[in-house]
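[1] pasting the structure only:
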Ligand SMILES: Nc1ncnc2c1ncn2[C@@H]1O[C@H](COP(=O)(O)OP(=O)(O)OP(=O)(O)O)[C@@H](O)[C@H]1O
């Protein structure tokens, strides 16, 4: 029998008192796609960082192509044949594709870089990964999917035999995810041993030959994929409690795929919010909202209603949310919260008007690495919780305990600095912070609320959002690129394409299949989406007026200088 390309044995790694990896074994033969799963903080990143030379393991060995290593430097890892494609790509935007591929291993002739030879070889490598870009394109001008393929081409140029992909579809559109899946299948046939880290079980079902699940640093499950059901995978990752009322129970789910983005195991119908009886008064009414690259957009969200904005990456979902929150300038439109017309020129105006946003890029936009988990989560409420100017630590601890339970933070240790949490748990810290704040807001805007979050915690988060809507009447507008999430969470879904709302699905029509065909149809300009109701001609929300052509003040304009908003004047939504 041939030796496996990668054999990890007894790998252990601790950070202070945290046992991130404990006696982990992982074997990947050539030509296998091996999915590495686990809840947030399970140890996946630590494992691949040991393999990539970022961390020295405390115990165990890593055998690559027959050579046994107890630790590796980053250089030794590359030389041994390991290529890791992290979510944050290591390519340089200002360089060309060929320059990126040969960065650090330039071909020289007479002391200068031999560009033409590099470009010729790069062209061959790009063809191998089916990238459509040219060796002379600048990286900064390429889509995320093409940049990722360049990084894989770079790995191939270094004769990698082990390819590690860390949540590779997290920032890709559906079509790009499909293309990547095809590339992974192709690279498998070329004999690479591929470790595929993901939270998306649909991707595992589609691509993986074998699966290893980590739980709290230990291997909890390892097997070939043959005959594995969705239910078994969910149980292995999240535990039987979630799985019992989770994804596998939903009829007709297992085979569903999201245009390549992969389906996520999701909360069940039990987690789905009870439908508010419509009509209810609109908590949020938006008319003619326009901004750079999107609009005009009309939408309304009733009290206690959860409305999803579903579309491919780049469709304009995030721009709409960020404009409503004052992060981006609007070019026109009116916004009403309840019966008030509001003027939003900056986030402080939005918060004052009762609108909060949980941003999508939470790790970059909201984590203070050196502060404790508790300070990170309670940042906006510390003053409110204080008594006579003195921090009420017991009250803070109590609020933190509730909040960390609600988002499934691991470890739920209030004193640990945020930097010591896994990526997904850092996301949960910020999500918890804003959900905690949302008790006081009328309108909650959520941008990709569970991206990077594990199966079990997704379920918890959906329930928290559902109960905010049901119990406090919060109007929730949630951008998502995950059809399972939309079906699990939303009462109603607006399809967003090319910066406009092109359709609407609700009730029995709101299924993953309908969502997928709606976005794909919407991408074709002339054909209406089947099963979706065109809303472009929808009646304007009562009480609001169409925007005038005059532009609002820029985002930096002080609120006092913005024109007063009224139902008949353009709104300074910035
Ligand atoms: N540099 C560090 N210092 C202290 N603790 C750390 C460090 N890196 C990771 N940990 C801890 O090790 C454990 C495993 O984290 P790791 O990042 O490997 O998880 P993960 O499975 O990749 O999670 P995610 O899905 O959220 O990315 C967690 O408890 C984390 O808090």
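    Received the coordinates, thanks. Bear in mind the structure is a predicted one, so any value in this text is a computation, not a measurement. Numbering: from 1, shown residues only.
[2] could you use CA atoms for every contact and neighbour count after this?
    Will do.
[3] check whether residue 503 sits in a helix, strand or coil.
    With DSSP: H, G, I helix; E, B strand; the rest coil as the basis, residue 503 sits in strand.
[4] does it touch residue 495 like I think?
    Yes. Judged on C-alpha atoms under 8 Å, residue 503 makes contact with residue 495 at a distance of 5.0 Å.
[5] which residue packs closest to residue 26, ignoring adjacent ones?
    Once flanking residues are discounted, residue 26 sits nearest to residue 8: 4.9 Å by C-alpha to C-alpha, 6 or more residues apart in numbering.
[6] doesn't that neighbour belong to a strand?
    Yes. Residue 8: assigned to a strand according to three-state DSSP.
[7] gap between it and residue 347?
    From residue 8 across to residue 347, the span is 48 Å (C-alpha to C-alpha, to the nearest Å).
[8] leaving out the residues flanking it, which one is nearest to the closest residue to the ligand within the stretch 151-300 of the chain?
    Nearest to the ligand in the stretch 151-300 of the chain, going by C-alpha to the nearest ligand atom, is residue 217, at a distance of 6.7 Å. Closest residue to residue 217 apart from its sequence neighbours, by C-alpha to C-alpha, 6+ apart: residue 21 at 4.1 Å.
[9] can you give me the pLDDT of that neighbour?
    On pLDDT, residue 21 comes in at 97.
[10] that one pairs with what?
    residue 13 (DSSP bridges).
[11] for it, give me its contacts.
    With contact set as C-alpha atoms under 8 Å, 6 or more residues apart in numbering, residue 21 has these partners: 11-14, 43, 46-47, 216-218.
[12] next one: the most centrally placed residue in the chain from the ligand, what distance?
    The centroid of the chain falls nearest to residue 451 when counting by C-alpha atoms, centre = their mean (2.7 Å). Residue 451 sits 10 Å away from the ligand, going by C-alpha to the nearest ligand atom, to the nearest Å.
[13] in stretch 370-379, which residues are buried?
    Buried positions in stretch 370-379, judged by neighbour count with 16 or more other C-alpha atoms under 10 Å: 371-379.
[14] my bad, should have said stretch 329-349
    For stretch 329-349, by 16+ other C-alpha under 10 Å, it's 329-338, 340-349.
[15] who touches the helix or strand where residue 285 lies?
    If you go by DSSP states H and E, residue 285 is part of strand 282-291. Outside strand 282-291, the residues within contact range by C-alpha under 8 Å, 6+ apart are 295-303, 319, 323, 328-339, 442-443, 474-475, 540-541, 544-547.
[16] among these, name the ones in strands.
    Mapping these onto strands (DSSP state E) picks out 295-302, 332-337, 443, 475.
[17] for burial, what's the neighbour tally of residue 394?
    10 (other C-alpha atoms under 10 Å).
[18] next one, pLDDT for it please.
    82.
[19] now it. Its backbone dihedrals?
    Dihedral angles of residue 394 (phi, psi; degrees, to the nearest 10) stand at phi -70, psi -40.
[20] now for it: which residues touch it?
    Per C-alpha under 8 Å, 6+ apart, neighbours of residue 394: none.
[21] gap between it and the ligand?
    Residue 394 is 24 Å from the ligand, by C-alpha to the nearest ligand atom.
[22] do residue 453 as well
    7 Å.
[23] my guess is that residue contacts residue 427. True?
    Yes. Taking contacts as C-alpha under 8 Å, residue 453 lies within contact range of residue 427: 7.4 Å.
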